[in-house]
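A.B. asks: Quick one, what's the 3D model for this:
(chains A and B)
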Amino acid sequence: QKEVEQNSGPLSVPEGAIASLNCTYSDRVSQSFFWYRQYSGKSPELIMSIYSNGDKEDGRFTAQLNKASQYVSLLIRDSQPSDSATYLCAVPMFSGGYNKLIFGAGTRLAVHP
Amino acid sequence: DGGITQSPKYLFRKEGQNVTLSCEQNLNHDAMYWYRQDPGQGLRLIYYSQIVNDFQKGDIAEGYSVSREKKESFPLTVTSAQKNPTAFYLCASRPSGSSNEQFFGPGTRLTVL
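C.D. replies: Numbers count the residues shown, from 1 in each chain, chains lettered A, B, ... in the order given. You can find the predicted model right below:
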């Protein structure tokens, strides 16, 4: 099992719809979770952090965390073509003798007009 | 204007050459990281440094070397021993005392001719 898993997509949604991106992780003791957005050819940009079970809202973005199920998701409301990008889930883990941020392979989102 | 800078943006290397990628930050962050990203894959950790004059190997350190002589600078050398160096290289830094969130520079795309 991969440490952080995401569906690679592409996830295609119409403009104005809700896009739902999912991520599962293997380490039960992880305490913080991050979502990065990466446009094609660009570097990842941190868009959401979540530390507690439940929902965290920031504008059109909502992160949802369920530690018991080891599941974190990102909802994008009123999706816009400018949201088309790859979304990376990242989870800190103690692995190989040190703390490090483990990234999923990313889900590619395509928002079509 | 605070941030993380990487140079060059594009780099072409002949086989057998060593090349050095620059990473500079003026955010006063203690920890710095180097990642490699291949198409359709997540980020893989090459090296990281928690403080000046100290650095540790990540998951794929073979064929790479780093130095951390100044807090602001963490250059990465891709040596001729790295057999498949063509990739997108990302430098990141983390605020001191943070909950593991990292911020990325714009990246260097390295191509071996």
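A.B. asks: gap between B:Q82 and chain A?
C.D. replies: Note on B:Q82: its distance to chain A, by CB to the nearest CB, to the nearest Å, is 20 Å. Bear in mind the C-beta positions are built from the backbone N, C-alpha and C, glycine included.
A.B. asks: ok, that residue - contacts?
C.D. replies: B:Q82 makes contact with B:62-64, according to CB atoms under 8 Å, 6 or more residues apart in numbering or on different chains.
A.B. asks: Other residues contacting stretch B:106-113?
C.D. replies: So stretch B:106-113 is contacted by A:42-43, B:4-15, B:19, B:21, B:78, B:85-91 (CB under 8 Å, 6+ apart).
A.B. asks: rerun that using 10 Å as the cut-off
C.D. replies: With contacts defined as CB atoms under 10 Å, 6 or more residues apart in numbering or on different chains, stretch B:106-113 is touched by A:38, A:41-44, B:3-17, B:19, B:21-23, B:35-37, B:76, B:78, B:82-91.
A.B. asks: what does chain B put close to chain A?
C.D. replies: Contact residues (CB under 10 Å from any CB of the partner chain) of chain B with chain A: B:4, B:6, B:31, B:33, B:35, B:37, B:40-45, B:48, B:50, B:56-59, B:88, B:90-92, B:94, B:98-109.
A.B. asks: from these, which ones fall inside helices?
C.D. replies: Assigned to helices by DSSP state H, none of these qualify.
A.B. asks: Bridge partners for B:Y89, pull those for me.
C.D. replies: B:R36, B:T108 (DSSP bridges).
A.B. asks: Quick one: residues contacting it.
C.D. replies: B:6, B:11, B:21, B:23, B:34-37, B:46, B:64, B:76, B:78, B:105, B:107-110.
A.B. asks: before we move on, what about B:E69?
C.D. replies: By CB under 10 Å, 6+ apart, the neighbours of B:E69 are B:52-53, B:75.
A.B. asks: ok, back up a step: take the contacts of stretch B:106-113 and keep only those in strands.
C.D. replies: With DSSP state E as the criterion, strands contain A:38, B:4-7, B:10-13, B:19, B:21-23, B:35-37, B:76, B:78, B:87-91 from among the contacts of stretch B:106-113.
A.B. asks: Tell me if the helix or strand of chain A with the lowest mean pLDDT is near chain B.
C.D. replies: Within chain A, no helix or strand scores below strand A:98-103, which has a mean of 83 by mean pLDDT, DSSP states H and E. Yes. Using CB under 10 Å from any CB, strand A:98-103 reaches chain B at A:98-103.
A.B. asks: Over to stretch A:7-22?
C.D. replies: Yes. Counting by CB under 10 Å from any CB, chain B is contacted by stretch A:7-22 at A:S8.
A.B. asks: contacting residues around that stretch?
C.D. replies: Contacts of stretch A:7-22 (CB under 10 Å, 6+ apart): A:5-6, A:23-24, A:35, A:60-64, A:71-81, A:83-84, A:86-89, A:104-113, B:40-41.
A.B. asks: and if we set it to 7 Å?
C.D. replies: A:6, A:73-81, A:83, A:87, A:105, A:107-113 (CB atoms under 7 Å, 6 or more residues apart in numbering or on different chains).
A.B. asks: For ChimeraX, write a command that selects the buried ones of the residues you listed.
C.D. replies: Command for ChimeraX that selects the buried part of the contacts of stretch A:7-22, burial taken from 16 or more other CB atoms under 10 Å in any protein chain shown:
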select /A:6,73,74,75,76,79,83,87,105,107,108,109,111
